[in-house]
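Undergrad: heads up, no residue letters with this:
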């Protein structure tokens, strides 16, 4: 059906871009944890639209309302947790010209065929990135639970329009490599508006975004994420491996077109003798010296930092005239997309990636009883 | 649990590298189809080990035995279909030195932790690529069903050790682009031992593999796959989108580290005006002029060829001395991997990729009742 | 996790008895159907509490709010459908004495153990029959969809406190038997407050309920349900058979303790020659002459009316002093349950049973593509 | 799809009555347990056909072959466990006259419609009770695991053709009631061929079976099962409650038509003050004084013995002439069922019920991490 994922911890999304309420149903959260709702609000705000010049001008407060799943003390009580968020700034009139003229690069055309013309067009309906808001909230709770158990997920923009941020230090899994990584993660946790490690590169990225916007165009980007503190052996073999589960969930983020773990596509150009991560004993524990595997072997965590990067295509909604067709008349037609849109998906994707990763990882840990709450 | 995937069509794998029998249970195959068992045997043989100088020297006939799911006429009858394959050439003594010394780059260490030291070490047990044999057989049936409905999946080696094959023609989705693609697919269907489009490049790749082997090393590679003939609208939004479902299954193939759809990571460097695929009418049907999306928008097929590529790290089992640790004594130790192994995962992965893709696609089509059998 | 069921059509419930909002998330409803919301409100009202002297005095309007899943025209659009209902008449102070003293016959004690004392006690929290309100709404939509396809589900009170209503005519599956059944179903569809076929018996039942109430006690009951118009072959073998799927969902209705299909427990006293339903041709179609099987063989519908009955234990919450223990002090203690409660579960269960049956049947039909919308 | 159940522990059955091999795939068994294969063989033999005068004359050795899931030491190793059993005594010629003439009381007719005439008719194909053999073997392993954790499941024949065995002592949950129950369970564990508590009643039951057989007829029956030693709080609310999960699996046993927990249908005639089970402290633990609930409240175990009974219709295959139709010609026709069949399902169902219960209970316990292995 599409809108749910997870096994022991299951998240189901609902809502449409221009509906009154969007939300997430979260089943299987660990009982006894008391989420910090204020911190959760701050986290969700990182994804909220309309705050910066590089964002869409649609402005949503994204106030979270948890209507079930907590007891009177605000503690997770065992019942399914439901998060509601109201849509307050939808402007459906912008979509009137799209009813039968699909936007290139959007789900409009295949959704119209799949759902027999009944799909909700306004704002992309259920296919809208707006649906990521309650997902981010759900993942924000998972992040808090993981953090309390010493597991951190941290993402940043790695590249926009070809401009690169410094990458996380992950191939080097020695003590000094690990502390360099920790410093990078700490840096990103300072609440910066534009989540990059190298802020000078970040400034260039912003310029590129604004330039594309001025040019009625959009740009793509890449994000990178690490998760540290994972116990060894989390995950499953084959199709429920950490890579498989993360991949399934991450490709659900709109505009995602590529995903690689560890050395990823670059690993295809390495020799085995270069790529293999040798083992050593460190403080009485088994550790890998390097980490080309991105912390995963056979679908299972090795205990080294889990690392992946995610490629986003440029935002499809651009206010330029494009070629399309009228689905009813069957005539070629020109289309100019109205509405208010981001220019680059990678910016606001950062907290979404952290949220999705946290949900997948927490599910895997709960399934194997590898986390104490 | 890991070893199953699919919803309406569900595949569950079982067996260990050195067990007596490995197999696949396939639930939900469409009733009334009569698989061609001879053609299936030929297809499975493409993945069978030990046939060529670049393969492992373990030689398995991989004879398929279907013990349930067919009626007396050999037709799929509605009951679950079970495929059994015997292991005939296992040599467990090669693994005695690995009992407590994990191989770098393998699942040995995390599996030992996850499964409390009870995991079957011989040949990697359930984590072995040997388990791909019954999966390939299951997918071979799916491929036959798809083919009967006009849907084809075709994969090839795109790159080994940095040597590139010609890529499929997919960005150009005009009539001429599509016929170029068809010609490439036809070429690959001629039963060639080494599945590349440009056979000269293939010769260089073979040399690189044999050179790495002589050097007691291994190499990585990339495969590319296209699926043509898909109806518009196949798939689901969000986490059951075609990308999500393919990703989940494909990352279950051992050694996979990266996956991209359509323009993939390169799309991150495009502008929206370059990446968007405009629509046109062609023979009374809606078509995209270009195909940077790889045939998928919003998780749904657009009707254009579905395209992805998959990166494989180099084979981890190399007969060189490597650093490892003894899990029982906690001492650093040197390890030399014995056993018979491939040098490059990408070669025998080609039919596996086709098989896995076919299972995922058939599941999506059956779920939406988009295929006639 | 408990709160969800269904495969192609999946229903997930959320909310607690004294929370602000309870609801149901429904994924997989058939696209293109436009539910009649007024009729749905009327159907849900049949279950609403506080309308009659034999009901609890808690009064809830149960106004339904559908916040997603419909397009602008009110038609099911493909996105998950979310139903919200507000709780307006909760009185949590009645539960203060129950915090550590479990009510006999309720989930309080095992829920306290399972959920480590974090469970929401007020009104039974997520274990409350209040959660049946959004389930009834979800099922009401399924009933409308089935009805449009000629499939009807009809339930009634078969027995309360030993007083029996006339049973549906189901063993006789001849033409005259079937029209008798149809007449019984039509009679029940007239909107009667107290759903029995024999209203005289119904009056005695009401007296028994009120007498038990006056005596600070409660009574049990049995409901019977038939579903007509099913296509032959709906269902699956073994554990997804119609009996299995109905059983799983129906035992989720609070206070259910027994379920039988067709002749049920009485079939255990029949000979094969008595119980077997012979086949005949009728109007060019295969039909069974009798229907001891309750319309199901091997988990599949035979086309004859599906019949089952469901036993409810007496309501556990009785305002008499009962023996319990203090979970914290470990002392024996007396407990008098306050709060407002029904006296007999079977009365308001009738629409719930129809709703649950409709959801299960619609799921089975959608899974096999056996229904046109 | 029908042939699988379970969540953390998942069992999938395959095979047809007259196929060469039938089997069960079991995913999620707890790692580290070493099943006693000899005891497992003895357990499975209790269900094996052809051993007694009241059984079918089809004689199967039911030798179990476990081809995956164990390591070299015979210990459950984490990989899926596959059990194979060969069919050795199939006699398909007995089914030639059934190809188009469905047997009353069997799945033949709806299966023919559902599976478009491709269903395997011989011996009922996948709908045959023969498929219970590997299920019993899978459950036998679960029983061993439970027993090692102090949890016992014990079933017996409660009634055949109206002749009643003594019921288990379950309503009385005092110390003396519990020891009476323990004695009854011990008695049944002595390996008796005909599992009844009151052997004199058992002799009458056998006579009734043989008399029905001589009369070319069959009889129905009821079985009763208890499970002791369950931890408090096992199970889930609503649709994954112990009743729901047991019901789903138990209705998969061929010929099952009714199921009740605790006082069951009789509870419908009790007052709340009679049915409620009061709490007391016993040896520092909370216990119920009585047990009308059958050990389950709100889907969760109370710690008291879980009790249910299961009604079986008479065996449908009787060697008398019966009315049926020819599905191809559409003509009424007479049918005499050949083949070798049981007379009463309840006899050989006893170990199946124990096996199925054990699988469901073990799944619930593993899901909540409530069992140590």
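TA: Now that the structure is in, tell me what you want to look at. Keep in mind it's a predicted model, so treat the numbers as computed, not measured.

Undergrad: which secondary structure element contains residue A:89?
TA: For residue A:89, there is no helix or strand it lies in under DSSP states H and E.

Undergrad: so it touches residue A:57, yeah?
TA: No: using CB atoms under 8 Å, residue A:89 is not in contact with residue A:57, being 9.0 Å away. For glycine as for every other residue, the C-beta is placed from the backbone atoms N, C-alpha and C.

Undergrad: Overlap of the contact sets of the two?
TA: By the contact definition CB atoms under 8 Å, 6 or more residues apart in numbering or on different chains, residue A:89 and residue A:57 are jointly contacted by residue A:50.

Undergrad: The residue of chain A found nearest chain D and residue D:33: what is the separation?
TA: As assessed by CB to the nearest CB, chain D sits closest to residue A:369 within chain A, at 4.7 Å. Computed with CB to CB, to the nearest Å, the distance linking residue A:369 and residue D:33 is 16 Å.

Undergrad: Mind checking which of the two has more residues around it?
TA: The residue with more neighbours, out of residue A:369 and residue D:33, is residue D:33; 16 against 11, by other CB atoms under 10 Å in any protein chain shown.

Undergrad: Helix, strand, or coil at the more buried one?
TA: Here residue D:33 is coil, with the state taken from DSSP: H, G, I helix; E, B strand; the rest coil.

Undergrad: Now do it against residue D:249, distance only.
TA: On the measure of CB to CB, residue D:33 and residue D:249 end up 21 Å apart.

Undergrad: do the same with residue A:155
TA: From residue A:155 to residue D:249 the distance is 43 Å (CB to CB).

Undergrad: So which bits of the stretch 1-150 of chain A are right by chain B?
TA: Within the stretch 1-150 of chain A, the residues that sit near chain B (CB under 8 Å from any CB of the partner chain) are A:1-5, A:13, A:102, A:104-107, A:109-111, A:113-115, A:124, A:126-127, A:131.

Undergrad: re the thing from before, hang on, the residue of chain A closest to chain D packs against residue D:370?
TA: No: Residue A:369 is not in contact with residue D:370 according to CB under 8 Å; the separation is 10.6 Å.

Undergrad: What segments of the stretch 1-150 of chain A are strands?
TA: In the stretch 1-150 of chain A, strands defined by DSSP state E, counting those that start in this stretch lie at A:4-5, A:10-14, A:21-27, A:64-68, A:81-86, listed in chain order.

Undergrad: can those strands go into JSON lines with extra columns for mean neighbour count?
TA: Converted to JSON lines, the strands of the stretch 1-150 of chain A look like this (neighbours: other CB atoms under 10 Å in any protein chain shown):
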{"stretch": "strand A:4-5", "mean neighbour count": "24"}
{"stretch": "strand A:10-14", "mean neighbour count": "27"}
{"stretch": "strand A:21-27", "mean neighbour count": "27"}
{"stretch": "strand A:64-68", "mean neighbour count": "21"}
{"stretch": "strand A:81-86", "mean neighbour count": "24"}
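
Undergrad: Now render those as CSV, adding mean pLDDT.
TA: Shown next, in CSV, are the strands of the stretch 1-150 of chain A (pLDDT from 0 to 100):
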stretch, mean pLDDT
strand A:4-5, 96
strand A:10-14, 98
strand A:21-27, 97
strand A:64-68, 96
strand A:81-86, 97
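
Undergrad: Ok, which of the ones you listed comes nearest residue D:197?
TA: Set against residue D:197 and scored by CB to CB, the strands of the stretch 1-150 of chain A come closest in strand A:21-27, at 42.2 Å.

Undergrad: hmm, who's touching the closest one?
TA: Residues outside strand A:21-27 that contact it (CB under 8 Å, 6+ apart): A:9-16, A:69, A:80-87, A:130-131, A:133-135, A:137-138, A:141, C:1, C:3-4, C:12, C:14, C:25, C:67-68, C:82, C:84.

Undergrad: please redo it, this time with the cut-off set to 7 Å
TA: Contact with strand A:21-27 is made by A:10-15, A:69, A:80-87, A:130-131, A:133-135, A:137-138, C:1, C:3-4, C:12, C:14, C:25, C:67-68, C:82, as judged by CB atoms under 7 Å, 6 or more residues apart in numbering or on different chains.

Undergrad: One more: stretch A:138-147?
TA: Contacts of stretch A:138-147 (CB under 7 Å, 6+ apart): A:11, A:24, A:26, A:29-30, A:33, A:35-36, A:39-40, A:43-44, A:83, A:153, A:354-356, A:358-359, A:361-362, A:373.

Undergrad: any chance you could map the strands in the stretch 151-300 of chain A?
TA: Counting by DSSP E, counting those that start in this stretch, the strands of the stretch 151-300 of chain A are A:152-160, A:163-164, A:221-228, A:256-261, A:279-282, A:285-288, A:296-297, A:300-301.

Undergrad: Can you lay out those as JSON lines showing mean pLDDT, distance to residue B:238 and mean neighbour count?
TA: Converted to JSON lines, these look like this (pLDDT from 0 to 100; distance: least, CB to CB, whole Å; neighbours: other CB atoms under 10 Å in any protein chain shown):
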{"stretch": "strand A:152-160", "mean pLDDT": "98", "distance to residue B:238": "19", "mean neighbour count": "26"}
{"stretch": "strand A:163-164", "mean pLDDT": "98", "distance to residue B:238": "30", "mean neighbour count": "18"}
{"stretch": "strand A:221-228", "mean pLDDT": "98", "distance to residue B:238": "18", "mean neighbour count": "25"}
{"stretch": "strand A:256-261", "mean pLDDT": "98", "distance to residue B:238": "11", "mean neighbour count": "26"}
{"stretch": "strand A:279-282", "mean pLDDT": "97", "distance to residue B:238": "39", "mean neighbour count": "18"}
{"stretch": "strand A:285-288", "mean pLDDT": "96", "distance to residue B:238": "34", "mean neighbour count": "19"}
{"stretch": "strand A:296-297", "mean pLDDT": "98", "distance to residue B:238": "24", "mean neighbour count": "28"}
{"stretch": "strand A:300-301", "mean pLDDT": "98", "distance to residue B:238": "25", "mean neighbour count": "28"}
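
Undergrad: What residues does chain A have near chain C?
TA: A:1, A:3-4, A:10, A:12, A:14-16, A:19-21, A:23, A:25, A:27-28, A:31-32, A:67-68, A:71, A:75, A:77-80, A:82, A:115-116, A:118-120, A:125-126 (CB under 7 Å from any CB of the partner chain).

Undergrad: At the contact with chain D, which residues of chain A appear?
TA: residue A:369.

Undergrad: Okay, now the unreliable bits of chain A?
TA: Low-confidence regions of chain A, defined here as pLDDT under 70, cover residues A:1.
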